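S.K.: Give the three-dimensional model of this entry:
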Amino acid sequence: MNFSALWIYQKERFPLVKTAPLLAVFSAASLSVSAELAERPLPGWGGYLAGFAIAMLLFFQMRVCDEFKDLEDDQRYRPDRPIPCGLVSLRLILLLGAASLPLTAMAAWLWHPPVLWLLVLVWLWLGAMTAEFGVASWLKARPVLYLLSHMAIMPLIDLLLTSLEWMPGGSAATGLWLFLALSFVNGCVLEIGRKLWSPENEISGVETYSGMWGPQKAARIWCACLLLSFVLLLGVGAVTGVFWIIAVLGGGGMVTCLASAAGYAKSPTAKAEKRMDTTAGLWVFACYAIAGFLPILVKVI
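M.R.: Got it, this is the predicted structure:
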């Protein structure tokens, strides 16, 4: 096994320096919000460790499935990617993905075995996504449905992560749906944000939202997702008792993000493209950090 090649692969296709902090906050916030909503004590460190491990492994499995599903398109339109160019083989990546499955199951089982049922549900949806639900051509011709069907895995993953808290605790809190909906919309924010490209970087045969809708319309749709995300964040804040603090912090972040989108729509340059990708990631990171840790911080202070 060529470890230097794998290191290059992760930098390009599963960058740990960006992915690990985001998933650490995402998984920890999921457990913390679940406990806060139900007014239960926070789970032990083992729950947070299990949540982080499960999140990292699941998102790697999603990457592996994408590599398998998109191989033909990558060979045709993006031959410089690690697998098409021969840096690593698809077989190796698939083997690593398969090896991660029992590790994911073990992380869930060691914390609370009944959680495995929700893990299986996530895997079933991931498998259906990889098979494009058996209607690949029909789905790809409808980009909004394609986006929604694939982003549905985000609340499923979040349901799994929150279950690490609420299954041992007894039951899920009534307001948990707000946080799950936030995960769904944030998935859209990330997905659209990373596919707002500059015209000179568009690749023939590679579908982007800027290519399908045009930079201006795509930016407006991204802003609509951002606003909905902010509304749901406020909903979580209202239930956890930190509405006004979230309104101020989240509102400031939202204004900054909207300004970034306006700049991209006005001048969709390569620099603006990169800024939108970064902005989307930072917004989602901030959402989970605020929702998950602000109520705890307020109590401590």
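
S.K.: And stretch 10-17, what's buried?
M.R.: 10, 13-14 (16 or more other C-beta atoms under 10 Å). In this view, the C-beta of every residue, glycine as well, is placed from N, C-alpha and C.

S.K.: and if you look at stretch 240-258?
M.R.: Going by 16+ other C-beta under 10 Å, stretch 240-258 has these buried residues: 240, 242, 246-247, 249-250, 253-254, 257-258.

S.K.: For the longest helix anywhere in the chain, enumerate the helices and strands it packs against.
M.R.: Scanning the chain for the helix with the most residues, using DSSP state H, yields helix 270-300. Helix 270-300 sits against helix 16-38, helix 176-193, helix 215-240, helix 243-266, with contacts defined as 3 or more C-beta pairs under 8 Å, 6 or more residues apart in numbering; DSSP states H and E.

S.K.: Just put these in TSV and tack on mean pLDDT.
M.R.: Below are the helices and strands packed on helix 270-300 laid out as TSV (pLDDT from 0 to 100):
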stretch	mean pLDDT
helix 16-38	96
helix 176-193	97
helix 215-240	97
helix 243-266	95
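
S.K.: For Ser89, find the nearest of those helices.
M.R.: Closest to Ser89 of these is helix 16-38 (C-beta to C-beta; 20.7 Å).

S.K.: So which elements touch that closest one?
M.R.: helix 45-69, helix 153-169, helix 176-193, helix 215-240, helix 270-300.

S.K.: what's the angle from the last one to helix 176-193?
M.R.: Compare the direction of helix 270-300 with that of helix 176-193 by axes from the mean of the first three to the mean of the last three C-alpha atoms, to 10 degrees and you get 160 degrees.

S.K.: list the buried ones in helix 270-300?
M.R.: For helix 270-300, by 16+ other C-beta under 10 Å, it's 272-273, 275-277, 279-296.

S.K.: Output the below-cut-off pLDDT ranges for the stretch 1-150 of the chain.
M.R.: Under the criterion pLDDT under 70, the flagged ranges of the stretch 1-150 of the chain are 1.

S.K.: In contact with the residue lying closest to Pro82 once chain neighbours are set aside, which residues?
M.R.: Leaving out its chain neighbours, the residue that sits closest to Pro82 by C-beta to C-beta, 6 or more residues apart in numbering is Tyr9, at 4.6 Å. Going by C-beta atoms under 8 Å, 6 or more residues apart in numbering, Tyr9 touches 82, 87-88, 93.

S.K.: Next step: those restricted to helices.
M.R.: Per DSSP H, the contacts of Tyr9 map to helices at Ile93.

S.K.: JSON lines for the contacts of Tyr9, including distance to Thr130 and neighbour count?
M.R.: Output for those, formatted as JSON lines (distance: C-beta to C-beta, whole Å; neighbours: other C-beta atoms under 10 Å):
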{"residue": "Pro82", "distance to Thr130": "19", "neighbour count": "21"}
{"residue": "Leu87", "distance to Thr130": "22", "neighbour count": "16"}
{"residue": "Val88", "distance to Thr130": "19", "neighbour count": "20"}
{"residue": "Ile93", "distance to Thr130": "13", "neighbour count": "21"}
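
S.K.: and of the contacts of Tyr9, the nearest to Leu49?
M.R.: Scanning the contacts of Tyr9 for proximity to Leu49, where the rule is C-beta to C-beta, the winner is Ile93, at 25.6 Å.

S.K.: I'd like to know how far the residue nearest to Met212 when sequence neighbours are not counted sits from Asp74.
M.R.: Excluding the flanking residues, the one nearest Met212 by C-beta to C-beta, 6+ apart is Pro143, at 5.6 Å. Distance, Pro143 to Asp74, using C-beta to C-beta, to the nearest Å: 19 Å.

S.K.: out of the two, which sits in the busier spot?
M.R.: Asp74 (20 against 14; other C-beta atoms under 10 Å).

S.K.: Am I right that the more buried one is in contact with Ile83?
M.R.: Yes: Asp74 is within contact range of Ile83, at 6.6 Å (criterion: C-beta atoms under 8 Å).

S.K.: Could you tell me which residues touch both of the two?
M.R.: Joint contacts of Asp74 and Ile83 (C-beta under 8 Å, 6+ apart) are Glu67.
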